[in-house]
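**Q** This is a predicted model, with the sequence first.
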Amino acid sequence: MEEKRKRKKRNRRNSSQYPALEKKFTLKSRLEFLDVDYINGVFDKNGNKVIRGLNEEEKEWLNKFYKETLNASFGHEDPLIDTQEGRKSCYDANNQRNRDIYNKKKSMNMLTEIDDETFYYAHTNLVNFRREIEEDLDRAIDEKIKREIEEKAQAEWEERNKW
């Protein structure tokens, strides 16, 4: 029987040597956390090199680091983060980024500026709404406790006057 091999789908990301370091291959929600402007060196406005670029070994390490920490991808040999706690923290951070409303809206270019008055109005409404909910909960809890006390007193009264 002929063994079928799965061919890896060819795309630009797979053809790149260090895909985790390239901004064009990174999700918009992760771009803010990807700091790779210095990889090829930093030059001043005259074109003089101020900071040297990373060598291949350093780029490979940084690619692996970003792949594990930023992308939460551990499907390669010899991971840098090899403890369960370390991996859990990477997964947790990734999940938090994915749930973050600000990050979602920013990646979809849906952020809008609001003035102080609008912010104050929204914040005040939220605080008032929260206060009303807390008061309603307190009232409901008080009523439940009051009912329980009345039911207990009624049961005791009936027990005493049973004869």
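**A** Thanks, I have it.

**Q** which stretches of this protein aren't confidently modelled?
**A** Applying pLDDT under 70 to the chain picks out residues 1-8, 13, 163.

**Q** Which parts of it belong to which domain?
**A** The chain breaks down by automatic domain parsing into domains covering 12-107, 113-163.

**Q** so of those, which one's packed in deepest?
**A** Of all the domains of the chain, domain 12-107 has the most neighbours on average by mean count of other CB atoms under 10 Å, namely a mean of 13. For the C-beta atoms, the positions are set from N, CA and C on the backbone; glycine is no exception.

**Q** now the end-to-end length of that domain.
**A** 21 Å (CA to CA, to the nearest Å).

**Q** Please, where are all the strands along the chain?
**A** For the chain, the strands defined by DSSP state E cover 42-43, 49-51.

**Q** could you dump those strands to JSON lines with distance to His76?
**A** JSON lines is the format used below for the strands of the chain (distance: least, CB to CB, whole Å):
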{"stretch": "strand 42-43", "distance to His76": "29"}
{"stretch": "strand 49-51", "distance to His76": "28"}
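
**Q** where do the helices sit along this structure?
**A** 12-15, 28-31, 56-69, 84-99, 101-107, 116-160 (DSSP state H).

**Q** and Gly75, which of these is closest to it?
**A** helix 56-69 (9.0 Å; CB to CB).

**Q** so how far is the closest one off the chain centroid?
**A** 21 Å (CA atoms, centre = their mean, to the nearest Å).

**Q** Tell me what angle it forms with helix 84-99.
**A** Here helix 56-69 runs at an angle of 70 degrees relative to helix 84-99 (axes from the mean of the first three to the mean of the last three CA atoms, to 10 degrees).

**Q** begin at 36 from here
**A** Right, with 36 as the first residue, what we last looked at is helix 91-104.

**Q** Which neighbouring elements make contact with helix 91-104?
**A** helix 119-134 (3 or more CB pairs under 8 Å, 6 or more residues apart in numbering; DSSP states H and E).

**Q** tell me what the helix it packs on is packed against?
**A** helix 63-66, helix 91-104.

**Q** Please save the CA atoms from it in PDB.
**A** Taking C-alpha atoms only, helix 119-134 is exported to PDB below (Å, rounded to 0.1, in the frame of the first residue of the first chain):
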ATOM      1  CA  GLN A 119       3.200  23.700  31.800                       C
ATOM      2  CA  GLU A 120       2.800  27.000  33.700                       C
ATOM      3  CA  GLY A 121       4.800  28.900  31.100                       C
ATOM      4  CA  ARG A 122       2.600  27.500  28.200                       C
ATOM      5  CA  LYS A 123      -0.500  28.300  30.200                       C
ATOM      6  CA  SER A 124       0.500  31.900  30.700                       C
ATOM      7  CA  CYS A 125       1.100  32.200  26.900                       C
ATOM      8  CA  TYR A 126      -2.300  30.700  26.100                       C
ATOM      9  CA  ASP A 127      -3.900  32.900  28.700                       C
ATOM     10  CA  ALA A 128      -2.300  36.000  27.300                       C
ATOM     11  CA  ASN A 129      -3.400  35.000  23.800                       C
ATOM     12  CA  ASN A 130      -7.000  34.400  24.900                       C
ATOM     13  CA  GLN A 131      -7.000  37.700  26.700                       C
ATOM     14  CA  ARG A 132      -5.900  39.500  23.500                       C
ATOM     15  CA  ASN A 133      -8.600  37.700  21.600                       C
ATOM     16  CA  ARG A 134     -11.300  38.800  24.000                       C
END
